[in-house]
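[1] Compute the structure for the input listed below.
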Amino acid sequence: MGSNKREIRKAVAALHASPWKVVVACTGAGAGLIDLLWEVPGASNTVLDMLFPYGREALIDFVGHEPESYCSMDTALWMAGRAYRRAQQFEIHSSNAKPQVIGLGITAAVRTGHPKKGEHRVFVAART
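    Alright, predicted model coming up:
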């Protein structure tokens with residue numbers, strides 16, 4: 001295992017050991033985060049929900065409007081905000097008196113089966 005992979009696993013383990021709960025919304029290549037969270041034991045302590053609004057209509061429905069660009073910082077921010085509100089809704093109904101929640105929004109364009117338009121790009125946003 002490479003040093004980057006070890007550092008990622010350490011960071012995920014620290015998240016799983018914390019009181020924070022997370023809703024992750026990812027599209028495009030951002031879906032790889034799901035595997036990173038699941039491969040480290042303890043995901044059930046952390047993950048409230050994971051959403052994958054991949055298709056155009058699904059992403060529009062999730063963020064509430066059609067984004068100017070589907071892979072942009074603005075889109076990641078909208079996704080993180082929506083994920084945060086979803087996490088708050090879940091935790092309001094739990095026994096946690098002071099919920100500590102994170103909404104993550106990830107959008108990425110890195111590879112395709114046809115000629116790629118533009119550069120590879122990844123945008124990650126977190127809302128707490």
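[2] burial count for residue 17?
    The number of residues packed around residue 17, counting by other C-beta atoms under 10 Å, is 11. For the C-beta atoms, the positions are set from N, CA and C on the backbone; glycine is no exception.
[3] Quick check: it touching residue 41?
    No - with contacts counted by C-beta atoms under 8 Å, residue 17 stays clear of residue 41, the gap being 10.4 Å.
[4] where along the protein do the strands fall?
    21-28, 47-51, 101-109, 121-127 (DSSP state E).
[5] Make JSON lines out of those strands and add mean neighbour count.
    As requested, these are arranged in JSON lines below (neighbours: other C-beta atoms under 10 Å):
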{"stretch": "strand 21-28", "mean neighbour count": "24"}
{"stretch": "strand 47-51", "mean neighbour count": "17"}
{"stretch": "strand 101-109", "mean neighbour count": "24"}
{"stretch": "strand 121-127", "mean neighbour count": "18"}
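[6] Test of understanding: give the bridge partners of the residue most central in space within the chain.
    Central residue of the chain (C-alpha atoms, centre = their mean): residue 24, 3.2 Å from the mean position. Going by DSSP bridges, residue 24 is paired in beta bridges with residue 50, residue 104.
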